[in-house]
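# just need the structure, nothing else, for what follows:
(one chain, ligands or ions: 1)
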Amino acid sequence: MTQNIFRKMNKNEQAELLKNKFEEAARESVDGDLSEFSNRLKNTLKQDYERILDGNSQTGHRKYLRDVYTELFVVENETGGVVNEHEVRQIEINRTAAEDSPIKCSDLFKVQPDTGRQNRKVLTMGIAGVGKTVSVNKFILDWAEGKKNQEIDFIFPLPLRQLNLVQKDYSLMELIHKYFFSSTARPPLLPEEKGKVMFIFDGLDECRFPLSFEQSEKFTDVHEKTTVDVIVTNLIERNLLPSALIWITSRPAAASLIPRDYIDQVTEVRGFNDEQKEKYFTKNSSPEVAEKIMSHIKKSRSLYIMCHIPVFCWISLSVLQPLLARENQNTIPTTLTGMYIYFLLQMQQLTKKYDGAVQSFEGIVLKLGKLAFEQLQKGILIFYKEDLEEYGLDVKEGLIFSGLCTRLFQIEKTVSERGVYSFVHLSVQEFLAALYVFLIYQHKKQNSFLTPSFLEGRKKRKIKCSLLELHETAVRNALQSKNGHLDLLLRFLMGLSLRSNQENLMELLPTLKITSENMERTADYIKMRIVDEESAEKSINLFYCLSELKNDSLQTEIQRFLSKGGTSAKRISSLHWSALLFVLMTSDETQEMFEMQKYGRSYEDLIQFLPVIKYTRRALATEL
Ligand SMILES: Nc1ncnc2c1ncn2[C@@H]1O[C@H](COP(=O)(O)OP(=O)(O)OP(=O)(O)O)[C@@H](O)[C@H]1O
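Numbers count the residues shown, from 1 in each chain. Below is the predicted model:
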């Protein structure tokens, strides 16, 4: 009004001055607002992210992220190239190649000084328990504490696990308000400048709503209500808030849900390398304990390899720390199954300590195992209250919150106050699933892999099965699975068939009858399947199954073959050939360098050795 009056009075200069002052004040107030909201968000996130569910996630027993955090090995994920050098052809694959170079998560969205380019959308892949969520949490905490990436004004973490629970329609702004600023009357104005706002979608694999990219209509209004899937797809497609940065994490099997065109950079969390494993144990115990643990796990190749997965380090630490303190160290587990049996034993001891014998342990294990097995077969890894109730696990009566379950389960209360449950780790679900399959066989001689509809048609024939038949079905089912979702279950099932493991289980399940069946036929069946198996990953798993059965004859023969100089791999049988690949792929030496000329010199050999070449840092071959 004053401006208009000035103009009417022909005092244009004063009008202009006033206008400029007004605009400046408005700008300052938006900036002030922005930094106030940004600080408020930082405070909220700092509280939410300074502690993590460290493996075993009892409510109230979260650990400080900074206390447990150990640097992870993260790489840019592309394929390797070929380098020529003299008469030796070097094939550099993996880790050392430029495209596979290590990258820090905190640098993922930085402007690159040489090119001036900036990633706007990054997909970070990694297998279960490898540290994706922890990496995301560290990124958020570093930002919230003002340590890194301060050029970003707002970071909004929206884990898919939580978004699954949003059933009503919301606008993007309403969603942000609901999750992050519910205590204020209004949400902030989001800056439109490039790279100022960031959304993090952790756990794409847990997404329970459809993501349809190609057909979806462009949705551009941040204030218009819609369904959560439309918001997510349009943020990724850059229709909604095109200036925003997007970080998505996923297990590999689900990564293809987002077409690669929409992603600027793919990275992979590889877990801990050997040095980082050691650091993890030292940081989470003491140098003496860490040394003992390292020397124990190094004795068993498969445990050592598994420890590149942080969650497995956590399980190893929980199991081995008390065992190594004992005088009698003969009973310390050396196989995967042995480790998980001890893990369950510890859980039971803790349960007794706190709960008394409220529930029959066997009863709970069977219920949990049934849930674990049936849902694993369907690929479901997260559950709601109703899912648990279906298996007789009553949330209301507090069963789930008492002792054992709290230690095996992870409970997340979300904004909607609807609890989401999952096993502390997928491998725990796989172990309990295998235990269930084994116990059902023990009690009823039934094969849990056979569905009721399958059995319907065979009513008149005998339903009782032998352990060999059970093993054969389990192997067949695991080999048929495209994403390997039954691989670990199979390994545990084999391990559970061993007498020594069953003896340890007796402490947990006193009614267990020890099987005295001969495992030779199962081992022969596995060897037969190895010969026919084309996938390197699947054969490796079958070899691990043989290790769980403590049947290492093939490996010993191959080691002997190698120690004799191992020339002309061609003359060995196809079973031994697979064993050779397995031994090479799991040896420390090959990880560093693979000299192919020791085993073959033709192109056919090169093709055959590709799985090994993929695993090694440097592959050497003479001119082919
Ligand atoms: N960098 C790390 N330092 C210390 N411990 C870690 C680290 N990363 C992971 N862990 C341990 O491993 C557990 C699982 O990690 P995380 O939840 O990040 O795995 P993930 O890759 O997100 O797995 P999923 O796909 O199953 O969700 C953590 O609870 C923690 O105990």
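# and stretch 309-319, what's buried?
I309, P310, V311, F312, C313, W314, I315, S316, L317, S318, V319 (16 or more other Cβ atoms under 10 Å). For the C-beta atoms, the positions are set from N, CA and C on the backbone; glycine is no exception.
# the fifth one sits in which helix or strand?
Of the helices and strands defined by DSSP states H and E, C313 is found in helix 310-325.
# in the stretch 401-550 of the chain, what residue is nearest the ligand?
L426 (5.5 Å; Cβ to the nearest ligand atom).
# so the nearest residue to that residue once chain neighbours are set aside: helix, strand or coil?
In this structure, L426 finds its nearest non-sequential neighbour in A128, 4.2 Å apart by Cβ to Cβ, 6 or more residues apart in numbering. Using DSSP: H, G, I helix; E, B strand; the rest coil, the structure places A128 in coil.
# so A128 sits right up against V424, yeah?
No - if you go by Cβ atoms under 8 Å, A128 and V424 don't touch, sitting 11.4 Å apart.
# can you check the pLDDT for the residue of the stretch 401-550 of the chain closest to the ligand?
Per-residue pLDDT puts L426 at 79.
# how about R461?
So, for R461, pLDDT stands at 53.
# what residues does this protein put near the ligand?
The chain comes close to the ligand at residues 52-55, 68-70, 72, 126, 128-134, 203, 251, 280, 310-311, 314, 426, as judged by Cβ under 6 Å from any ligand atom.
# first residue to last residue on stretch 503-512, what's the distance there?
Criterion Cα to Cα, to the nearest Å; first-to-last residue distance in stretch 503-512 is 9 Å.
# so for it, what's the average pLDDT?
Stretch 503-512 comes out at a mean pLDDT of 86.
# list the buried ones in it?
N504, L505, L508, L509, L512.
# hang on, the earlier thing: which helices and strands does the helix holding C313 pack with?
If you count contacts as 3 or more Cβ pairs under 8 Å, 6 or more residues apart in numbering; DSSP states H and E, helix 310-325 packs onto helix 274-284, helix 287-299, helix 336-355, helix 426-444.
# switch the cut-off to 7 Å
Judged by 3 or more Cβ pairs under 7 Å, 6 or more residues apart in numbering; DSSP states H and E, the packing partners of helix 310-325 are helix 274-284, helix 287-299, helix 336-355.
# still on that earlier bit, which one of the buried residues of stretch 309-319 is nearest to L45?
Closest approach to L45 among the buried residues of stretch 309-319 (Cβ to Cβ): P310, at 22.2 Å.
# just give the nearest non-adjacent residue to the closest one, would you?
Closest to P310 by Cβ to Cβ, 6+ apart is G131, at 4.9 Å.
# pLDDT wise, what is the residue nearest to S427 when sequence neighbours are not counted at?
Residue nearest to S427 in three dimensions, not counting chain neighbours: L488, with 6.0 Å by Cβ to Cβ, 6+ apart. L488 is assigned a pLDDT of 90 by the prediction.
# what about L488, how many neighbours?
L488 has 24 neighbours, counted by other Cβ atoms under 10 Å.
# just to be sure, it is in a helix?
Yes - looking at L488 with three-state DSSP, it is inside a helix.
# from E374, how far off is it?
Distance of L488 to E374, given as Cβ to Cβ, to the nearest Å: 16 Å.
# same deal with P259?
P259 sits 32 Å away from E374, going by Cβ to Cβ.
# neighbour count: the two, which is higher?
E374 (16 against 12).
# which parts of the host helix or strand of the more buried one are buried?
Using DSSP H and E, the element containing E374 is helix 361-378. Judged by neighbour count using 16+ other Cβ under 10 Å, the buried positions of helix 361-378 are 361, 364-377.
# that helix - what's its average pLDDT?
88.
# just stretch 322-335 next, same as before
In the prediction, stretch 322-335 has an average pLDDT of 80.
# check which residues of it are buried.
Across stretch 322-335, burial judged by 16+ other Cβ under 10 Å covers L323, L324, I332, P333, T335.
# what number of residues lie near S182?
Other residues close to S182 by other Cβ under 10 Å number 10.
# oops, could you answer that again for D107 instead?
D107 - counted by other Cβ under 10 Å - has 12 other residues nearby.
# quick one: pLDDT of it?
92.
# what are the buried residues along stretch 473-481?
Neighbour-count burial for stretch 473-481 [16+ other Cβ under 10 Å]: T473, A474, V475, A478, L479, S481.
# try stretch 244-257
Residues A244, L245, I246, W247, I248, T249, S250, R251, A253, A254, A255 are the ones in stretch 244-257 that count as buried (16+ other Cβ under 10 Å).
# can I get that stretch as CSV, trimmed to CA atoms?
C-alpha atoms of stretch 244-257 as CSV (Å, rounded to 0.1, in the frame of the first residue of the first chain):
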residue,chain,number,x,y,z
ALA,A,244,16.4,-33.5,-5.4
LEU,A,245,19.2,-36.1,-4.8
ILE,A,246,18.0,-39.7,-4.5
TRP,A,247,19.8,-42.6,-2.8
ILE,A,248,18.3,-46.0,-3.0
THR,A,249,19.7,-49.2,-1.4
SER,A,250,18.7,-52.7,-2.3
ARG,A,251,19.7,-56.3,-2.1
PRO,A,252,20.8,-57.4,-5.6
ALA,A,253,17.7,-59.5,-6.4
ALA,A,254,15.4,-56.4,-6.2
ALA,A,255,17.8,-53.9,-7.8
SER,A,256,16.2,-54.4,-11.2
LEU,A,257,12.9,-52.9,-10.0
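# and it, how far out from the chain's middle?
12 Å (Cα atoms, centre = their mean, to the nearest Å).
# which of the buried residues of stretch 244-257 scores worst on pLDDT?
Of all the buried residues of stretch 244-257, A253 has the smallest pLDDT value, namely 72.
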